[in-house]
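Asks: I would like the atomic coordinates for the input below:
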Amino acid sequence: MSVSTSTARATSWRVVDIVVASVVAVAVGVVFWGWSAGYAGVAAATAAFPPLAGLYGGGWLIAGVIGGLIVRKPGAALYCELLAAVVEGFLGTHFGWTVVISGLIQGAAAEVVFAAFRYRRWNLPVALLAGAVAGIAMGTSENVLYNVAWASQWKVVYVILAAVSGTVLAGLLSWLAVRALARTGVLTGLASRDAAAERAL
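Replies: As a prediction, this is how the structure comes out:
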């Protein structure tokens, strides 16, 4: 078997990859919907200093990171984050269908990180970086779209806190979740089936 043929097989999507990615995305989309419902309380609690809400944002970045870590194929992070956002939109939130734009941006950001490592490294640092970059993308895009009236310092703080939230909630928790799922055997047949035995670094 040639190297090119082996690489093509490793990166091409199979039916099981599509099914699993879709199930993960829909499940996380429901989580997104619940997360959106909780934002009203967060907004009220951070009214004195709105950039603090960035610490809550990582919850909306989980689909891309966990989808990438589970499926481990090009496009998985973008597909899962975008589909999860669509599900959230269908369920209905006060953010409306703008969540799809957010899903596209955030999923693409996580995808860029996995692509940078040529879809070959799935350890903790890569997961943390994917979450952080997705958080930066979220914070930056929301500053452009929604936080236009904020002072520059507030915008910088918001991006930093969004990156921290993405690192922890989307990066760390997703990596731990995939390892836990691998231990149960439900990832059998997927590229991530041995995730529980992989080294963290």
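
Asks: three-state assignment of Trp13?
Replies: On the three-state scheme (DSSP: H, G, I helix; E, B strand; the rest coil), Trp13 is labelled coil.

Asks: That one contacts Lys73, doesn't it?
Replies: Yes. Counting by C-beta atoms under 8 Å, Lys73 is a contact partner of Trp13 at 5.5 Å. Glycine gets a C-beta too; all of them are placed from N, C-alpha and C.

Asks: more neighbours, the two?
Replies: With neighbours defined as other C-beta atoms under 10 Å, Trp13 and Lys73 compare such that Lys73 has more, 22 against 14.

Asks: thinking that one is in contact with Leu190, fair?
Replies: No. The criterion here is C-beta under 8 Å, and Lys73 misses it with Leu190 at 9.6 Å.

Asks: Mind listing the shared neighbours of the two?
Replies: Asp17 (C-beta atoms under 8 Å, 6 or more residues apart in numbering).

Asks: Leu69 - how many residues pack around it?
Replies: 29.

Asks: Quickly find the element holding it.
Replies: helix 62-71 (DSSP states H and E).

Asks: Could you list the buried residues of that helix?
Replies: For helix 62-71, burial by neighbour count (16 or more other C-beta atoms under 10 Å) applies to Ile62, Ala63, Gly64, Val65, Ile66, Gly67, Gly68, Leu69, Ile70, Val71.

Asks: now do stretch 183-193
Replies: Neighbour-count burial for stretch 183-193 [16+ other C-beta under 10 Å]: Leu187, Leu190, Ala191, Ser192.

Asks: Contacts only, for the residue nearest to the last one when sequence neighbours are not counted.
Replies: In this structure, Ser192 finds its nearest non-sequential neighbour in Ile70, 5.0 Å apart by C-beta to C-beta, 6 or more residues apart in numbering. Contacts here follow C-beta under 8 Å, 6+ apart; on that basis Ile70 touches Val20, Ala21, Val24, Ala76, Val178, Leu181, Leu187, Leu190, Ser192.

Asks: One more: Leu55?
Replies: Taking C-beta under 8 Å, 6+ apart, one finds Leu161, Ala162, Val164, Ser165 in contact with Leu55.

Asks: same thing but at 6 Å, please
Replies: Leu161, Ser165 (C-beta atoms under 6 Å, 6 or more residues apart in numbering).

Asks: And it, how close does it get to Pro74?
Replies: The spacing between Leu55 and Pro74, counted by C-beta to C-beta, to the nearest Å, is 31 Å.

Asks: Please spell out which residues along the helix or strand harbouring Ala182 are buried.
Replies: Using DSSP H and E, Ala182 sits in helix 173-184. For helix 173-184, the neighbour count (16+ other C-beta under 10 Å) marks Leu173, Ser174, Trp175, Ala177, Val178, Arg179, Leu181, Ala182 as buried.

Asks: Check which helices and strands the following helix or strand past the helix holding Leu69 sits against.
Replies: Once helix 62-71 ends, the next helix or strand along the chain (criterion: DSSP H and E) is helix 76-91. Judged by 3 or more C-beta pairs under 6 Å, 6 or more residues apart in numbering; DSSP states H and E, helix 76-91 is in contact with helix 15-37, helix 62-71, helix 98-116.
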